[in-house]
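Asks: can you look at this prediction? I've put the sequence above it.
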Amino acid sequence: MDAVAIPLSDITDRPEPQQVYAADGTRLATYTWGDLDAPVVILVHGFASSARDNWVLTGWVRELTKAGYRVLALDQRGHGLSEKPHLPDDYSIRTLVTDVEAVLDAYLVDDAVYVGYSLGARVGWEVVKELPHRIARAVLGGVPDGIPLARLDLDQVRAYIADGSPVGDRTTQNYIALTERVPGNDLRALVALAEGMRSSGAIDPDPTDAPTRPILFATGSKDAIIEGSRALASAAPDARFFEIPDRNHFNAPGSRAFKEAAVEFLGER
């Protein structure tokens, strides 16, 4: 694939979102960059993040458009400029997967490659399994993310939301700080997401039912979930693992080495 020259201003600013309606009517904010006729890569961000925070500000959109891709990204429900339901039933893993499918359908994309990080990688595991005819290959970064999310103390978060009660659990403190770091985040919606994924019984990927498409798993060398990610890579029949040097779960998306490995992998045929 030939590289193309893209003006810097076109790929460091988030374009105006195009609204796509999910199967249940939830409004999803979507964004696109690059040549309309180029191969499509769909980007799906992590928990408490957004397309801008995860992919634009870290340079992914710039690198992928330079490599000749049309980039399609969405703010997952409960995030960014998408609608933010407050009911746990609105956040099953199946619902998050069908949201991605709805975006592909709305943009008339039949064939794409997939890049997801953290929650977006967890969703991607299912997307690649359910849509192998549409997703040729995928990069799944920072997966599994379920263990920390499962440890979120929902009662402490609800008390914090209600009256500012101090949060004693360290993991819960970290997730609240992560949520409040990104402008526009709605803590009630993100609590509903955590509760919805827990009740669905599908927080963690099932290694006995792995996707068969080519996958690059990538996790930071300082990320506590790295061994779980290695295990998933070993379980998938056509996968490899990339250890992102000197990165933890939260700063791995900004790694140049990660972006370079992903672009190289996606370009393989």
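Replies: That came through, no problem.

Asks: using the three-state scheme, assign residue 246.
Replies: With DSSP: H, G, I helix; E, B strand; the rest coil as the basis, residue 246 sits in coil.

Asks: quick check: end-to-end length of stretch 73-83?
Replies: 15 Å (C-alpha to C-alpha, to the nearest Å).

Asks: roughly how far does residue 52 sit from residue 111?
Replies: As judged by C-beta to C-beta, to the nearest Å, residue 52 and residue 111 stand 26 Å apart. (Glycine included, C-beta is placed from N, CA and C.)

Asks: who's more crowded, those two?
Replies: Taking other C-beta atoms under 10 Å, residue 52 and residue 111 do not tie; residue 52 has more neighbours (23 against 11).

Asks: contact partners for the more buried one?
Replies: Applying C-beta atoms under 8 Å, 6 or more residues apart in numbering, we find residue 52 in contact with 14, 80.

Asks: what's the pLDDT at residue 10?
Replies: We have a pLDDT of 48 for residue 10.

Asks: ditto for the one 5 residues further on
Replies: pLDDT recorded at residue 15 is 86.

Asks: just checking, it touches residue 33?
Replies: Yes: using C-beta atoms under 8 Å, residue 15 is in contact with residue 33, at 7.1 Å.

Asks: between those two, who's got more neighbours?
Replies: More crowded of residue 15 and residue 33, by other C-beta under 10 Å: residue 33, with 22 against 13.

Asks: run through the bridge partners of the more buried one.
Replies: residue 71 (DSSP bridges).

Asks: residue 70 is in contact with that one, correct?
Replies: Yes: between residue 33 and residue 70 a contact is recorded at 7.2 Å, counting by C-beta under 8 Å.

Asks: what segments of this structure are helices?
Replies: With DSSP state H applied, the chain shows helices at 8-12, 51, 60-66, 93-106, 119-130, 146-150, 154-163, 170-181, 187-199, 226-235, 256-266, listed in chain order.

Asks: tell me which of those sits most buried.
Replies: helix 51 (a mean of 29; mean count of other C-beta atoms under 10 Å).

Asks: and it, average pLDDT?
Replies: 97.

Asks: relative to residue 256, how far out is residue 245?
Replies: For residue 245 relative to residue 256 (C-beta to C-beta), the value is 10 Å.

Asks: also residue 28?
Replies: Residue 28 is 30 Å from residue 256, by C-beta to C-beta.
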